[in-house]
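[1] quick one, what's the 3D model for this:
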Amino acid sequence: MNMLFRVRRIGTTSIHNQVREHIVAAILGGSLLPEQKMPSTRELAISLRVSRNTIVQVYERLAADGYLSVRDRAGYFVNCEAKTGWVRPEKKGQQPPARQSVWTRKLKFHPSRQPYIRTPLNSHSYPYPFIYGQTDPSLFPISEWRECSRLALARSEVLEWTGDAIHQDDPTLIEQICSKLLPRRGIIATPDQVLITMGAQNALYLAATLLASSKTTVGIENPGYSDIRNAFIREEARILPIDVDAEGLVIDDRLRDCNLVYLTPSHQYPTNVTLPLHRREALLASAAEHDFLIIEDDYENETNFVTQPIPALKSLDEGNRVLYASSLSKSMFPGLRIGYMVGPADFVAEARALRRQMYRHPPANNQRTTSIFISLGYYDSHIRRLREALRERWGMMKEALAEFIPEASTAATAGGTSFWMQGPTSLDAQKLADAALARGVVIEPGKDLFYGSHEPSNFFRLGVSSIPTDRIRPGIEILGKTLRSI
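    This next block holds a predicted model:
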């Protein structure tokens, strides 16, 4: 037993939990057999070089949970009923792995083959992670979130969120969204007009599933968000790419051919330019004249550092033609996966029914914790601190780009958490990304964000939200040298 595992003195998992985890794994995995005698608490403590009290507590808890049994004056033994209900797998002869399973051969489409931005899964382990959509954990108020998690686990709260809500959302979170989040974007909504989703991405997917078909023409920004484009393509919709200039989506005659228009007016994805008020009004007028609907993705509305924020497109919508989607995952942390959709009550009811078929509702404990976090004012305080930190990083990045990569241009923006870069026409951004990665710098090539016959390869994106401030200048300096060396 003393050779089965070692305990780590560093890390987030306590020694108590490490010992328990390894013993449970050994019992369930068959390394420790039923009725096998466990080492004495003193013996195991000496072997692992941990406190005997720790081993005593682990054994006692495992006995209480049915993994071990206690015999007077004999010690602890593996409980023979620890794996009751398990089915013994049948032994089968070795078969060569199939190149493609029968399931894959019967797929009606292959989502994995659709283009989208790819970044290394371990991007945070690199010294210069200029990646978009990720956060710096040091900016999040973890102690306040821990307090809200504790409050959500109070007995009175647990009784409310542990049941199956079927298709309902946490009413306290809906109330906080309607009273505190939407009004700051100029939007007034009633609870029946709001649906909680697994991030804004899920809200967009629900909308695409309900609204798009082979008879639908969808206008999208070009360059634009590849994941929503992929969702529309999955529904066999006709994609109509519409140019983006220094003011965002170009409002022209192409809109009259659309049944649906998707855009990101606050910070255009990925250029970060903001759609001005006159274009918003022109878009709404065109929607009324040509009878099309609009999906507004307000994915990054808290990061305007330069000018006063413009109200959401939804707030200007008098004809009820705008469906609004936003997320708390960007402003808090991506792993939260809480977003929301705002639209006409009858449409939201249909989206709610579709959501029920998919996963019923987002995790209720996360909803309640988030509701408490907002109600106690922690969200507003976090946003103020986050905006100041990102403002500093954004300004430093802007200066570093001008100094170290003057040959690449970027659009004038009012903030955001990334910079959209256009390199020389001869640049292959994928080659730049590969060469930069070898030097510890993570960037995102932008080719897959374009759609149509012309997909330029000289664009790339640099995020500022997840890289520490003191690494921005040296990282951009390395990137500039890499650009000139390839």
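[2] helices of the stretch 201-350 of the chain, start to end?
    Taking DSSP state H, counting those that start in this stretch as the criterion, the stretch 201-350 of the chain contains helices spanning 226-234, 277-290, 345-359.
[3] out of the ones you listed, deepest packed?
    For these, ranked by mean neighbour count under the definition mean count of other C-beta atoms under 10 Å, the leader is helix 226-234 at a mean of 21. No exception for glycine: its C-beta is placed from N, CA and C like everyone else's.
[4] can you tell me which helices and strands that helix packs against?
    The helices and strands touching helix 226-234, judged by 3 or more C-beta pairs under 8 Å, 6 or more residues apart in numbering; DSSP states H and E, are helix 199-211, strand 217-222, strand 238-245.
[5] sorry, back to before: ok, which of the helices of the stretch 201-350 of the chain comes nearest Asn79?
    helix 345-359 (35.5 Å; C-beta to C-beta).
[6] tell me the angle that closest one makes with helix 199-211.
    Taking axes from the mean of the first three to the mean of the last three C-alpha atoms, to 10 degrees, one finds that helix 345-359 is oriented at 110 degrees with respect to helix 199-211.
[7] can we start the residue count at 39 from this point?
    Right, with 39 as the first residue, what we last looked at is helix 383-397.
[8] same for helix 383-397, what does it pack against?
    strand 232-235, helix 237-249, strand 377-380.
[9] I'd like the next helix or strand past that helix.
    In the C-terminal direction, the helix or strand that comes right after helix 383-397 (DSSP states H and E) is helix 402-413.
[10] that older thread, between the helices and strands packed on helix 383-397, which one is closest to Lys469.
    Evaluated with C-beta to C-beta, these place helix 237-249 nearest to Lys469, the distance being 29.3 Å.
[11] state the mean pLDDT of the longest helix along the chain.
    When the chain is scanned for its longest helix (criterion: DSSP state H), the result is helix 416-442. Per-residue pLDDT values over helix 416-442 give a mean of 93.
[12] and that helix with helix 402-413, angle?
    Using the same axes, to 10 degrees: helix 416-442 against helix 402-413 is 80 degrees.
[13] and whichever helix or strand comes after helix 416-442, how far out from the chain's middle?
    Scanning forward in sequence from helix 416-442 by DSSP H and E, the next helix or strand is strand 447-448. If you compare the mean C-alpha spot of strand 447-448 with that of the full chain, they lie 27 Å apart, counting by C-alpha atoms, centre = their mean, to the nearest Å.
[14] and strand 447-448, which strands flank it?
    Taking DSSP bridges as the criterion, strand 447-448 pairs within the sheet with strand 456-460 (antiparallel).
[15] contacts for the partner strand next, please.
    Strand 456-460 is touched from outside by 170, 308-310, 435-436, 439, 443, 446-449, 484, 496-503, with contacts defined as C-beta atoms under 8 Å, 6 or more residues apart in numbering.
[16] where does the chain have low pLDDT?
    Segments of the chain classed as low confidence (criterion: pLDDT under 70) are 39-42, 129-136, 343-345.
[17] give me the residue at the spatial middle of it.
    Pro372 (3.7 Å; C-alpha atoms, centre = their mean).
[18] can you list contacts of stretch 423-441?
    Outside stretch 423-441, the residues that reach it (C-beta under 8 Å, 6+ apart) are 174, 177, 179, 340-341, 343, 369, 446, 448, 453-455, 457, 459, 500, 502-503, 505, 507, 510-511, 514-515.
[19] and stretch 289-301, what's buried?
    By neighbour count with 16 or more other C-beta atoms under 10 Å, stretch 289-301 contains the buried residues 289, 293, 296-301.
[20] mind checking the end-to-end distance for it?
    Using C-alpha to C-alpha, to the nearest Å, one end of stretch 289-301 lies 12 Å from the other.
[21] where does the residue of the chain most remote from its centre fall, helix, sheet strand or coil?
    No residue in the chain has its C-alpha farther from the mean C-alpha position than Arg111, which lies at 53.8 Å (C-alpha atoms, centre = their mean). Three-state assignment for Arg111 (DSSP: H, G, I helix; E, B strand; the rest coil): coil.
[22] for it, give me phi and psi.
    phi 60, psi 10 (degrees, to the nearest 10).
[23] for the one 3 residues further on, same thing?
    Comment: the main-chain dihedrals of Tyr114 come out as phi -100, psi 140, following degrees, to the nearest 10.
[24] residues near the residue nearest to it when sequence neighbours are not counted, how many?
    For Tyr114, the nearest residue in space outside its immediate sequence neighbours is Met76; the separation is 4.2 Å by C-beta to C-beta, 6 or more residues apart in numbering. Taking other C-beta atoms under 10 Å as the criterion, the count of residues near Met76 is 21.
[25] report the contact partners of Met76.
    Taking C-beta under 8 Å, 6+ apart as the criterion, Met76 is in contact with 39, 70, 82, 97, 106, 113-116.
[26] ok, it to His60 distance?
    Distance, Met76 to His60, by C-beta to C-beta, to the nearest Å: 12 Å.
[27] over to Leu321?
    59 Å.
[28] let me see the backbone angles for Ala449.
    Residue torsions, per degrees, to the nearest 10, at Ala449 are phi -70, psi 150.
[29] verify the stated contact: it with Ala284.
    Yes - Ala449 is within contact range of Ala284, at 6.2 Å (criterion: C-beta atoms under 8 Å).
[30] neighbour count: these two, which is higher?
    Taking neighbours as other C-beta under 10 Å, Ala449 and Ala284 compare with Ala449 leading, 18 against 10.
[31] quick check: angle from the helix or strand that contains Cys186 to helix 402-413?
    Here Cys186 sits within helix 180-190, counting by DSSP H and E. Here the directions of helix 180-190 and helix 402-413 differ by 120 degrees (the same axes, to 10 degrees).
[32] identify each buried residue in helix 180-190, please.
    182-183, 185-186, 189-190.
[33] got a markdown table for those residues, with distance to Ser464 too?
    Output for the buried residues of helix 180-190, formatted as a markdown table (distance: C-beta to C-beta, whole Å):
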| residue | distance to Ser464 |
| --- | --- |
| Glu182 | 49 |
| Trp183 | 47 |
| Glu185 | 54 |
| Cys186 | 52 |
| Leu189 | 57 |
| Ala190 | 55 |
